[in-house]
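# below are the sequence and a predicted model; questions follow.
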Amino acid sequence: SEELKAKREYSFNLTRAMWEYASRHNDRFPTNFEQVTEFIPPEARKQTNVTPGQFVIVYQGTTTGIQKYAHPERIMIAKERQPWKNSDGKWALVWSSMAAGEVYSPADGKFDAWEKQHTIPPEAQKE
(Lines give C-alpha, C1' and ligand atoms only; values in the text may rest on other atoms or scores of the structure.)
Protein backbone atom coordinates (compact mmCIF):
# COMPACT_ATOMS: atom_id res chain seq x y z
CA SER A 1 0.00 0.00 0.00
CA GLU A 2 1.02 3.63 -0.39
CA GLU A 3 0.91 4.14 3.39
CA LEU A 4 3.28 1.22 3.97
CA LYS A 5 5.65 2.46 1.28
CA ALA A 6 5.67 5.95 2.80
CA LYS A 7 6.38 4.59 6.28
CA ARG A 8 9.23 2.40 5.03
CA GLU A 9 10.82 5.26 3.11
CA TYR A 10 10.41 7.65 6.00
CA SER A 11 11.89 5.22 8.53
CA PHE A 12 14.90 4.70 6.28
CA ASN A 13 15.31 8.47 5.85
CA LEU A 14 15.28 8.79 9.65
CA THR A 15 17.98 6.14 9.93
CA ARG A 16 20.12 7.75 7.24
CA ALA A 17 19.77 11.05 9.11
CA MET A 18 20.86 9.29 12.31
CA TRP A 19 24.00 7.99 10.56
CA GLU A 20 24.73 11.49 9.26
CA TYR A 21 24.28 12.89 12.76
CA ALA A 22 26.67 10.25 14.16
CA SER A 23 29.29 11.08 11.53
CA ARG A 24 29.33 14.64 12.88
CA HIS A 25 29.06 13.78 16.60
CA ASN A 26 31.96 11.52 17.56
CA ASP A 27 30.41 8.44 15.96
CA ARG A 28 27.47 8.43 18.42
CA PHE A 29 23.85 8.02 17.36
CA PRO A 30 21.33 10.64 18.54
CA THR A 31 19.07 10.22 21.55
CA ASN A 32 16.06 11.91 19.91
CA PHE A 33 14.79 12.75 16.45
CA GLU A 34 14.95 16.53 17.00
CA GLN A 35 18.72 16.16 16.75
CA VAL A 36 18.48 14.78 13.20
CA THR A 37 15.74 16.94 11.62
CA GLU A 38 18.24 18.96 9.59
CA PHE A 39 19.64 15.75 8.04
CA ILE A 40 16.27 14.46 6.78
CA PRO A 41 15.92 15.21 3.04
CA PRO A 42 13.47 18.08 2.38
CA GLU A 43 11.24 15.88 0.22
CA ALA A 44 10.88 13.39 3.11
CA ARG A 45 10.03 16.20 5.56
CA LYS A 46 7.14 17.27 3.32
CA GLN A 47 5.24 14.02 3.81
CA THR A 48 2.11 14.82 5.75
CA ASN A 49 1.04 11.40 7.00
CA VAL A 50 4.33 10.17 8.52
CA THR A 51 6.24 11.96 11.28
CA PRO A 52 9.19 11.24 13.60
CA GLY A 53 6.69 11.01 16.47
CA GLN A 54 5.46 7.70 15.05
CA PHE A 55 8.92 6.17 15.59
CA VAL A 56 11.24 5.45 18.46
CA ILE A 57 15.04 5.21 18.44
CA VAL A 58 16.14 1.68 19.32
CA TYR A 59 19.91 1.96 18.93
CA GLN A 60 21.84 4.77 20.63
CA GLY A 61 25.38 3.42 20.55
CA THR A 62 28.13 4.21 18.05
CA THR A 63 28.49 3.41 14.37
CA THR A 64 31.58 1.32 15.13
CA GLY A 65 29.70 -0.51 17.88
CA ILE A 66 26.91 -1.63 15.56
CA GLN A 67 29.41 -2.78 12.94
CA LYS A 68 31.00 -5.25 15.39
CA TYR A 69 28.02 -7.56 14.97
CA ALA A 70 27.93 -10.39 12.44
CA HIS A 71 24.95 -8.94 10.54
CA PRO A 72 24.80 -5.20 11.31
CA GLU A 73 22.37 -4.70 8.43
CA ARG A 74 19.77 -6.71 10.40
CA ILE A 75 20.03 -4.64 13.59
CA MET A 76 17.07 -2.42 14.35
CA ILE A 77 17.99 1.26 14.61
CA ALA A 78 14.48 2.74 14.74
CA LYS A 79 10.95 1.35 14.70
CA GLU A 80 7.34 2.42 14.81
CA ARG A 81 6.02 2.99 18.30
CA GLN A 82 2.91 0.93 17.71
CA PRO A 83 2.11 -2.06 15.48
CA TRP A 84 -0.93 -1.60 13.26
CA LYS A 85 -3.25 -3.82 11.20
CA ASN A 86 -2.08 -4.15 7.61
CA SER A 87 -4.52 -4.49 4.70
CA ASP A 88 -4.21 -8.31 5.02
CA GLY A 89 -5.49 -8.12 8.62
CA LYS A 90 -2.12 -9.02 10.18
CA TRP A 91 -0.31 -6.83 12.67
CA ALA A 92 2.65 -5.02 11.13
CA LEU A 93 5.53 -2.87 12.31
CA VAL A 94 7.83 -0.71 10.19
CA TRP A 95 11.46 -0.66 11.29
CA SER A 96 14.75 0.42 9.84
CA SER A 97 18.27 -0.89 9.78
CA MET A 98 21.40 0.54 8.21
CA ALA A 99 20.33 -1.21 4.99
CA ALA A 100 16.66 -0.31 4.52
CA GLY A 101 13.26 0.55 5.90
CA GLU A 102 11.39 -2.72 6.34
CA VAL A 103 8.14 -4.17 7.60
CA TYR A 104 7.71 -7.10 9.94
CA SER A 105 4.35 -8.84 10.11
CA PRO A 106 4.40 -12.04 12.20
CA ALA A 107 1.75 -14.65 11.51
CA ASP A 108 0.98 -14.90 15.23
CA GLY A 109 1.01 -11.12 15.82
CA LYS A 110 3.79 -11.40 18.41
CA PHE A 111 6.83 -9.14 18.05
CA ASP A 112 8.88 -9.75 21.22
CA ALA A 113 11.11 -12.66 20.17
CA TRP A 114 11.77 -11.14 16.74
CA GLU A 115 12.60 -7.71 18.23
CA LYS A 116 15.01 -9.33 20.70
CA GLN A 117 16.87 -10.98 17.79
CA HIS A 118 17.24 -7.63 15.98
CA THR A 119 18.08 -5.38 18.93
CA ILE A 120 21.37 -4.70 20.68
CA PRO A 121 20.65 -4.64 24.44
CA PRO A 122 21.02 -1.16 25.99
CA GLU A 123 23.94 -2.23 28.18
CA ALA A 124 25.85 -3.36 25.06
CA GLN A 125 25.22 0.01 23.37
CA LYS A 126 27.36 1.88 25.89
CA GLU A 127 30.93 2.27 24.69
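Looks like it came in fine.

# tell me the helices and strands packed up against the lowest-mean-pLDDT helix or strand in the chain.
Using mean pLDDT, DSSP states H and E, helix 42-45 stands out as the lowest-scoring helix or strand of the chain, at a mean of 76. Packing contacts for helix 42-45, counted by 3 or more Cβ pairs under 8 Å, 6 or more residues apart in numbering; DSSP states H and E, involve helix 2-24. Glycine gets a C-beta too; all of them are placed from N, C-alpha and C.

# can you list the buried residues in the helix or strand that the least confident helix or strand of the chain is followed by?
Using DSSP states H and E, the helix or strand that follows helix 42-45 in sequence is strand 55-57. Across strand 55-57, burial judged by 16 or more other Cβ atoms under 10 Å covers 55, 57.

# what about whichever helix or strand comes after strand 55-57, average pLDDT?
Next helix or strand after strand 55-57 toward the C-terminus (DSSP H and E): helix 63-66. Mean per-residue pLDDT for helix 63-66: 90.

# how far off centre is helix 63-66?
15 Å (Cα atoms, centre = their mean, to the nearest Å).

# identify the residues contacting the residue nearest the centre of the chain.
Nearest to the mean C-alpha position of the chain, by Cα atoms, centre = their mean, lies A78 at 2.2 Å. By Cβ atoms under 8 Å, 6 or more residues apart in numbering, the contact set of A78 is 11, 14-15, 18, 55-59, 95-96.

# give me the distance from whichever strand in the chain runs longest to the chain's centre.
Counting residues, the longest strand in the chain under DSSP state E turns out to be strand 91-96. On the basis of Cα atoms, centre = their mean, strand 91-96 sits 9 Å off its chain's mean C-alpha point.
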